[in-house]
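Undergrad: next input, structure requested:
(one chain, ligands or ions: 1)
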Amino acid sequence: MLARMDALEEVLMCKLDDGRKAVDPCTIVIFGASGDLTARKLIPALYHLFKEQSLPVPFRVVGFARREKTDEAFRAELGEALKQFSRTKPVDEKVWAAFSANIFYCMGDFGDAAAYEKLAKLLKSFGEPKLADNLLFYLATSPSQFAECVEHLHNVNLLRKDTNAHWQRVVVEKPFGHDLASAHELNAGLTKHAHEKQILRIDHYLGKETVQNILMFRFSNSIFEQIWNRASVEQVQITVSEKIGVGGRGGYYEEAGALRDMVQNHLLQILALVAMEPPATLEAEAIRDEKVKLLKSIRPLRPADVEKQVVRGQYFAGQVGTEFRPGYRQEPKVKPDSNVETFVAMKLFIDNWRWSSVPFYLRTGKNLPLGASEVRVQFRPTPSVLFAAQAGQKLDANAITLRLQPEEGITLRFNGKIPGTSLSVRPVRMSFSYESEFGAYTPEAYERLLLEAIAGDATLFIRRDEVETAWGIVDAIRAGWNGKPLSNREFYSAGTWGPVASDDLLAQAGHAWRNPLPMAPKTT
Ligand SMILES: NC(=O)c1ccc[n+]([C@@H]2O[C@H](COP(=O)([O-])OP(=O)(O)OC[C@H]3O[C@@H](n4cnc5c(N)ncnc54)[C@H](OP(=O)(O)O)[C@@H]3O)[C@@H](O)[C@H]2O)c1
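TA: Next comes the predicted model:
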């Protein structure tokens with residue numbers, strides 16, 4: 001068993017420390033290249049990969065969008081955006097000049113067949129066969145345009161299912177549908193002309209170093225994995241809190257809500273990584289098989305269970321820190337009588353051997369006191385017979401907190417004796433911080449994800465059955481709500497940790513939320 005752990009660790013190290021692995025020459029074609037995502041995330045990520053010499057040699061980037069512009073104008077626009085959004089400042093002008101010489105622009109409408117012919121010609125003009133055949137299509141577009149783009153790419157033979165020496169892959173951004181039926185339709189459109197393994201669905205949460213480290217932490221440390229089960233764990237809490245409100249995104253949020261926007265993807269993905277069984281290998285499919293198995297083991301929620309196990313909430317006006325925030329119903333583009341949830345908390349059970357009867361509490365919300373993502377694994381308390389008499393107190397249970405953001409790290413909480421003659425005990429912490437241990441090198445999630453997409457490693461991308469299983473869970477909750485308006489108990493003041501009903505959900509079992517604190521290493 002230990003030998004297997006060592007081997008796993010070795011492979012994990014190779015796999016996670018792959019910043020400079022060999023990658024084939026290719027062209028990255030961005031559809032929707034004059035949009036926000038390209039300026040804010042994709043170009044800064046590609047620039048940094050180029051700077052670190054992680055991009056293949058040669059490579060090209062082609063931007064595809066509607067408005068007319070020259071290559072030079074496109075490069076100049078992206079250069080300006082980079083100054084604003086680059087994670088390292090100032091931008092290295094020499095590096096940018098060398099990088100941007102590889103960027104081209106192709107004007108066209110997604111629905112115009114001729115535009116794709118033009119794209120094919122442009123790719124051929126690069127003169128190197130691999131630049132015209134190894135193609136990463138990044139669809140930074142609305143999901144309603146995915147199928148159309150894929151169809152046209154197939155029609156001009158740029159996207160082929162039968163690639164042998166060459167490869168073509170399609171990267172898509174969430175939202176992957178708004179319910180199971182629409183996700184199914186979206187996936188059918190995507191896989192009509194591409195194999196599932198050519199489709200890479202991005203959840204940028206999975207590109208975060210610490211989210212990846214959940215697997216490393218669990219499967220390369222025998223001391224933790226031994227106790228990662230119902231015999232030792234009393235409850236697990238997953239919190240993804242946002243300090244911001246919906247701001248200018250009211251229009252989008254009215255259609256989404258916290259359940260679809262956060263739970264369907266980020267929270268269920270974190271849950272899957274925290275609770276899944278060890279994969280047989282570290283191949284993408286083996287890991288994704290285990291994640292799907294876990295999601296399928298979540299006990300289905302019937303409408304009566306939703307009432308008992310799921311709490312939703314919506315913020316009203318309040319103070320977040322020093323800032324006054326309007327209520328959700330007063331936000332721009334939000335209906336004054338909207339019933340959309342800006343907060344959701346739930347208790348889920350995983351019906352498998354490892355986790356039987358252990359509650360998993362998940363919550364997320366907007367306008368909460370601080371922005372943080374944490375997984376807290378709370379262990380069973382020791383019998384209090386020994387210390388209760390002498391110390392006169394109930395001992396706190398041990399806990400491991402995996403802090404995913406903002407200060408990535410891991411904290412172990414245990415009891416220590418307060419120095420002195422009396423036998424007093426209080427919880428103390430052992431904290432590990434990524435930054436203190438490894439320095440401040442934290443590549444943006446998009447850098448890791450783009451590199452993995454170019455390298456063809458699908459581990460960090462979400463497979464069709466994962467997406468659809470997660471939608472099944474979310475749809476069941478929505479069915480339980482059944483369009484019912486929010487009750488008074490379901491509102492919370494901006495700047496608090498959600499409605500009272502969220503605390504009651506845990507109190508029923510004698511549990512309580514442990515809220516992240518601003519300085520995460522000092523969480524209690
Ligand atoms: N922005 C983010 O940080 C972010 C994060 C996660 C996910 N996403 C998702 O990523 C997708 C893109 O978001 P975005 O914020 O970049 O959108 P955006 O700013 O609205 O940009 C849309 C882009 O698509 C192009 N476009 C739209 N219709 C077109 C058509 N018929 N033919 C050709 N080009 C067309 C636009 O080109 P023109 O300008 O030439 O019209 C523009 O380049 C969305 O699905 C969004 O939900 C975005």
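
Undergrad: contacts only, for whichever residue of the stretch 151-300 of the chain sits closest to the ligand.
TA: Here the residue of the stretch 151-300 of the chain nearest the ligand is E173; by CB to the nearest ligand atom that distance is 3.9 Å. The way it works is simple: take the backbone N, C-alpha and C, and place the C-beta from them, glycine included. Applying CB atoms under 8 Å, 6 or more residues apart in numbering, we find E173 in contact with L37, L139, A140, P143, I202.

Undergrad: E277 versus K293, what's the distance?
TA: Noted for K293: a distance of 7 Å to E277, by CB to CB, to the nearest Å.

Undergrad: adding distance to M430, pLDDT and neighbour count, write the contacts of E173 out as CSV.
TA: Shown next, in CSV, are the contacts of E173 (distance: CB to CB, whole Å; pLDDT from 0 to 100; neighbours: other CB atoms under 10 Å):
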residue, distance to M430, pLDDT, neighbour count
L37, 39, 94, 16
L139, 44, 97, 24
A140, 42, 95, 22
P143, 44, 92, 20
I202, 34, 92, 24
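
Undergrad: helices - which of those land there?
TA: If you go by DSSP state H, those have L37 in helices.

Undergrad: just the closest of the contacts of E173 to the ligand, please.
TA: Nearest to the ligand among the contacts of E173, with distances taken as CB to the nearest ligand atom, is L37, at 3.3 Å.

Undergrad: right, and the closest one touches A140 too?
TA: Yes. Contact between L37 and A140 holds when scored by CB atoms under 8 Å: they sit 4.4 Å apart.

Undergrad: show me which residues of this protein are close to the ligand?
TA: Contacts of the chain with the ligand, taken as CB under 6 Å from any ligand atom, map to 32-38, 40-41, 65-67, 109-111, 140-143, 173-174.

Undergrad: same thing but at 8 Å, please
TA: 31-41, 64-67, 107-112, 115, 139-143, 145, 173-175, 202, 204, 252 (CB under 8 Å from any ligand atom).

Undergrad: please state the backbone phi and psi of the residue of the stretch 151-300 of the chain closest to the ligand?
TA: When quoted as degrees, to the nearest 10, the phi and psi of E173 stand at phi -100, psi 150.

Undergrad: quick check: it vs L295, distance?
TA: On the measure of CB to CB, E173 and L295 end up 21 Å apart.

Undergrad: how about L131?
TA: Distance from L131 to L295, by CB to CB: 39 Å.

Undergrad: so what's the closest residue to R40 other than its chain neighbours up against?
TA: Of all residues beyond its chain neighbours, the one nearest R40 is F85 (5.0 Å), with distances taken as CB to CB, 6 or more residues apart in numbering. In this structure, F85 makes contact with A39, R40, K41, I43, P44, judged by CB under 8 Å, 6+ apart.

Undergrad: for the ligand, give me its nearest residue in this protein.
TA: With CB to the nearest ligand atom, the shortest gap between the chain and the ligand falls at G35, namely 2.2 Å.

Undergrad: next SSE after the lengthiest helix in the chain?
TA: The residue-count maximum for a helix in the chain (DSSP H) belongs to helix 464-481. Beyond helix 464-481 on the C-terminal side, the first helix or strand identified by DSSP states H and E is strand 491-493.
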